[in-house]
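Q: Sequence and predicted structure, then a few things I'm wondering about:
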Amino acid sequence: MARRHHIHINPRRSFPLNSLLSALLCAAPALAQSTADNQLPPVTVSASNQDAAVAIGGFGSTPLAKLPLQASTVSRDQLFEDGINDLRGLTALDASVSDSYNAIGYISYLNVRGFQLDPRFNYRRDGLPIDADTALALGNINDIEVLKGTSGIQAGTSAPGGLVNLVVKRPTGNWLDASLALSERGTTEATFDWSQRFGRSQGAGTEFGLRINASAADLHPLLNNAEGKRNHLGVAADWRPGTDTLLQAEFEISHQSEPSQQAYSLLGATLPNAAHVDPNLNLNDMPWTEPVVFDNIHASLRWQQKLSTDWRLDMHYGLQRLRSDDREAFAFGCTNSTSGQVFYDRFCGNGDFDLYDFRSNNEHRDVDALDTSLSGRFETAGLQHDFTGGVLLTHTLWRLGPQTYAYAGESNVYSQNFSIPPNPAPNATNTDRHEHTTEFYLRDSIQLSNEWQLFAGLRHTQLHRDSWQTDGTQAAAYGQSFTTPWLGLSYAVSAQQMVYGSWGQGVQSDVAPQLPTYTNAGQALPSAVSRQFELGYKVGARQVDWSIAAFDIEQPQWSSLGACSGAIASCTETLDGTQHNRGLEAQADLKWRDGALSGSAMKLQARREGAMEPGIDGLRPTNAPEETLKLEVRQGLGRLTGWQGLHAHLALVYEGPRAVLPDNSVNIGGWSRMDGGLRFDQTLDQAQLTWRLGVNNVFDRRAWRESPYQYGSAYLYPLAPRTFRLSLEMRL
């Protein structure tokens, strides 16, 4: 994020496959994971089970099928099956989720229902706020939950698209799991997952639990000369001193070091033909290029106490310590071209671009959060209530440092200039931030009758934010408070069918840039209150579940209005109309003997409305596809082939056209991609072996995958070429 922010301010190698297979066969055996769950309440979820609870829904153990909202959950098994090791992999699974500036080796940015999620406010880890300005490791994650729609019920401030919650693995039984995998140009990864329970409690289960997860990867992506490393270690423990008390603790440390992918851009007024652009081209490939490094520490403590049959106290503390080195040979604009052209938002027509030496080392981002809640059931006036009330305290501190964003020379997309010298001397400041937030919340589910159920939520947020440049200048501070309500009403047509409607608000808060060009420099801006209406229908049965929802979201937008010439007081930062997203979203999961079909689709109409900024009113926002479709079929092939353990899956991903420029004068076309794979389950003595072979982009299609427009510049990212992966998992 620092890289993008300060741009705005300052105008094949082979691999011995036989050796790998031999190593796989010698790997440590694994025992299948037990389904026992020691948590109060259970948080076992799956990608397609509407009867499962989703913690991010906010209503405890109420199944997703009974909630007046849309959410999806991706399980650990599905992540492994599809070879997903970072959050951008979610874009292949859910039609509501798409890319939003997703570069290899960098932070994963997601777009949900047409709105980019804010990495500072739209991500949770076991329900607690985290900062996603990093490469979040998934090796210690059991499930990923995606709440779709305005998130004011769960977040004091956030972008309106939804929330992403990472559910941490916990001890669930006595077993061991290990795997080795090969993909791309020789990327290899080993994983280890061990769980053990000790002693007996007064009730069912055992008293102590311990789980250890570890992984290490040697990265050789298809992107040219972008080798790196990734590893993580996670430890989770719990203690149940009695049937009414549960204590949990967990710790995770992760590291990723890999050069990031530099985006392509427009060539003058021309949209380059993606079929003629090498998707493995690395414009960040210079002799002095250094990797982007992410070092992360996460830890949490949780105490859950059953006070009576119906009431429970929950205290949950989490911390996050992020350190990063953000570095790149950064291609931006074209001002020194021999073509005579000058562009600040794209490359020159002949392929020339300016290359900058960008370095922002030793960035620190710390988050501490404490959530205390009381939940229970009671009856009043003949109505049954499921109630939760609590307070969430969050403290965030960014400690960055001076950075380098210095012109180094000129290169060309057709013939890269590798002789450009580095220019590493720091020449710019960064922005440090400090924030205290207190959020009081109430949630209640009221059973009005056998058919009708009312859901209500209220969150009151008090915040204080400070920011300053790393040299101590341009300090700004402000405080705000606001209340965000949420209401939902459902009607049970039958035991398996439900109609619902919901309405909610969310809030975003910001301050005008602390620059002399702004008339309101450093002043708090009016709160941007977003709102969403949603109507839906859900059907859940043993063999099929499906849902359909219509949503309407409005989000106020901030713009810099005025001459904005660089002269003193030539700009004013202010609210400027809205982004209005209307859409229809559907998902279905059909099961039959030895097979299943799952899919989702979304039709989106996104428009800027009431904008005073010239040339954008009534137009589509950039990088938001208006049609998406994700389908996957899985089928056992045992009866057909005689190999009882053989299974196949085939997936289709389609995303429609996207606007490249705010004036909609340039658009990339829609694209489709086919993925597939085989799985073979084999028993060897007492070990269970699972072989997996997968391929993404089976037909090696060429297209522009996404078109983010960030800080006044147009970027293009290509669809990844055909990619293979092979893995072996062993269980006892």
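A: Noted; the coordinates are in hand.
Q: what about Ser565, distance to Thr517?
A: Applying C-beta to C-beta, to the nearest Å, the value for Ser565 to Thr517 is 8 Å. C-beta coordinates here come from the backbone N, C-alpha and C atoms, glycine included.
Q: Give me the more crowded residue out of the two.
A: Set side by side, Ser565 and Thr517 show more neighbours around Thr517, with 18 against 9, by other C-beta atoms under 10 Å.
Q: what's the spacing between that one and Leu652?
A: If you go by C-beta to C-beta, the gap between Thr517 and Leu652 works out to 48 Å.
Q: now do Leu487
A: Counting by C-beta to C-beta, the gap from Leu487 to Leu652 is 37 Å.
Q: so who does Trp671 touch?
A: Counting by C-beta atoms under 8 Å, 6 or more residues apart in numbering, Trp671 touches Tyr654, Glu655, Arg701, Ala703, Trp704, Arg705, Leu719.
Q: Okay, and the beta partners of it?
A: Trp671 has these beta-bridge partners by DSSP bridges: Glu655.
Q: what's the spacing between it and Val653?
A: From Trp671 to Val653 the distance is 9 Å (C-beta to C-beta).
Q: try Gly333
A: Gly333 is 32 Å from Val653, by C-beta to C-beta.
Q: What of Gln686?
A: 39 Å.
Q: Compare the two and say which is more crowded by neighbours.
A: Neighbours were counted for Gln686 and for Val653 using other C-beta under 10 Å; Val653 has more, 21 against 9.
Q: Was I right to think the more buried one contacts Gly676?
A: No - Val653 is beyond contact range of Gly676, at 11.8 Å (criterion: C-beta atoms under 8 Å).
Q: and for these two, which residues touch both?
A: Counting by C-beta under 8 Å, 6+ apart, nothing touches both Val653 and Gly676.
Q: Please point out which parts of stretch 643-652 sit buried.
A: Gly645, Leu646, His647, Ala648, His649, Ala651, Leu652 (16 or more other C-beta atoms under 10 Å).
Q: Pick the one among those residues closest to Asp576.
A: Leu652 (38.7 Å; C-beta to C-beta).
Q: looking at the protein, which helix or strand does the model trust least?
A: helix 17-25 (a mean of 33; mean pLDDT, DSSP states H and E).
Q: Check what pLDDT Pro16 gets.
A: pLDDT recorded at Pro16 is 34.
Q: repeat for Leu313
A: At Leu313, pLDDT is 98.
Q: Val146 too?
A: pLDDT at Val146 comes out at 96.
Q: Please, which helix or strand holds it?
A: Assigned by DSSP states H and E, Val146 falls within strand 141-148.
Q: How far off centre is the next helix or strand after that strand?
A: Where DSSP H and E defines the elements, the next helix or strand beyond strand 141-148 is strand 162-168. Centroid displacement of strand 162-168 relative to its chain, using C-alpha atoms, centre = their mean, to the nearest Å, is 8 Å.
Q: Can you flag which of the buried residues of stretch 643-652 belong to strands?
A: Among those, the members falling in strands (DSSP state E) are Leu646, His647, Ala648, His649, Ala651, Leu652.
Q: burial of the closest residue to Leu219 other than its chain neighbours, as a residue count?
A: In space, and not counting its chain neighbours, Leu219 is closest to Gly228: 4.2 Å by C-beta to C-beta, 6 or more residues apart in numbering. Using other C-beta under 10 Å, Gly228 has 20 neighbouring residues.
Q: how far away is Gly228 from Pro259?
A: Gly228 is 7 Å from Pro259, by C-beta to C-beta.
Q: Can you name the residues bridging to Ala601?
A: Ala601 has the following beta-bridge partners by DSSP bridges: Ala586, Leu629.
Q: Give me the pLDDT value at it.
A: pLDDT, read off for Ala601, is 98.
Q: Next, find the distance separating it from Glu706.
A: In terms of C-beta to C-beta, Ala601 sits 19 Å off from Glu706.
Q: neighbour-wise, which of these two wins?
A: Glu706 (28 against 18).
Q: What residues does the more buried one make contact with?
A: Ser98, Asp99, Ser100, Tyr101, Asn102, Asn623, Arg658, Ile668, Leu716, Tyr717.
Q: Where does the closest residue to the fifth one other than its chain neighbours sit: helix, strand or coil?
A: Spelled out, it's Asn102. Leaving aside its sequence neighbours, Asn102 sits nearest to Arg88 (C-beta to C-beta, 6+ apart; 4.3 Å). Arg88 falls in the helix class when you classify it by DSSP: H, G, I helix; E, B strand; the rest coil.
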